[in-house]
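Colleague: generate a structure from the sequence data that follows.
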Amino acid sequence: MNPRHDVTGLILAGGQGRRMGGRDKGLEPFAGRSLVAHVRERLQGRLASVWINANRHHEIYRSEADRVIGDLEGDYQGPLMGIYTGLRSVQTPWLLVVPCDTPALPMDLVERMVAGIGEGDIAVAHDGERLHPVVALLRVSLADDLEAALAGGERKIDRWYARHDWYRVDFSDCPDSFANLNTEDDKQRLELRLNQEAPTG
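Modeller: Next comes the predicted model:
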């Protein structure tokens, strides 16, 4: 698999941002830029293209992606619907999904996810303590199976993954890279930590 030809990146930014007071999380400012801009930086130039799954503010998101797509079905059905939308929409055989609220993702995320999938259908990031189901590399041919699962009422990502040949990708050397920002306090804490870790001089 050559990620620059075979993999489309999809940043999931389609949620309601309830714990952020209903604000669009991907557009929240963080360290001088939007959260989604930090995430895109981790993917840009490493994949065939970078898309964003968003259900509002498409005109703003277009400046951060090669394409912006809304959920194929409405009512904010969660990240599994965003993943399904990506599987149905991209032209590459593989899809790499990441959330919009993880601005410190490893810069070598793409390479490590591709190396970790082996012959499997799905690779999921693991920080040494827990899985991060919305940081995943998926075979696009799974779209039909996911459509059936969604039609049956499935909304739990890990339960759907368990139906397939999936692998953990070890990121235990950088567990803090997967911190996701659900609240204003989360954002301020990570901003402070990154500032403290930044090299001086």
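
Colleague: spatially central residue in the protein, please.
Modeller: With distances taken as Cα atoms, centre = their mean, Val98 lies nearest the centre of the chain, 1.0 Å away.

Colleague: what are the bridge partners for the nearest residue to Ser89 once chain neighbours are set aside, then?
Modeller: Leaving aside its chain neighbours, Ser89 sits nearest to Ile69 (5.3 Å; criterion: Cβ to Cβ, 6 or more residues apart in numbering). To be clear about C-beta, it is placed using only N, CA and C from the backbone, and glycine gets the same treatment. Beta-bridge partners for Ile69, by DSSP bridges, are Asn53.

Colleague: these two touch, right, Ile69 and Asn53?
Modeller: Yes - contact criterion Cβ atoms under 8 Å: Ile69 and Asn53 qualify, at 5.7 Å.

Colleague: between the two, who's got more neighbours?
Modeller: More neighbours surround Asn53 than the other of Ile69 and Asn53, with 29 against 21 (other Cβ atoms under 10 Å).

Colleague: for the more buried one, give its distance to Ala31.
Modeller: 23 Å (Cβ to Cβ, to the nearest Å).

Colleague: ok, now Ala151?
Modeller: For Ala151, the distance to Ala31 - Cβ to Cβ - is 41 Å.

Colleague: compare these two (neighbour count), which wins?
Modeller: Here Ala151 and Ala31 are compared on neighbour count by other Cβ under 10 Å; more neighbours surround Ala31, at 15 against 8.

Colleague: quick check: mean pLDDT of stretch 147-157?
Modeller: Stretch 147-157 shows a mean pLDDT of 93.

Colleague: now do stretch 100-109
Modeller: Across stretch 100-109, pLDDT averages out at 93.

Colleague: and it, how far apart are its ends?
Modeller: 14 Å (Cα to Cα, to the nearest Å).

Colleague: likewise for stretch 144-160?
Modeller: End-to-end distance (Cα to Cα), stretch 144-160: 12 Å.

Colleague: which residues are in contact with that stretch?
Modeller: Applying Cβ atoms under 8 Å, 6 or more residues apart in numbering, the external contacts of stretch 144-160 come out as 73, 77-81, 83-84, 87-88, 131, 133-134, 163-164.
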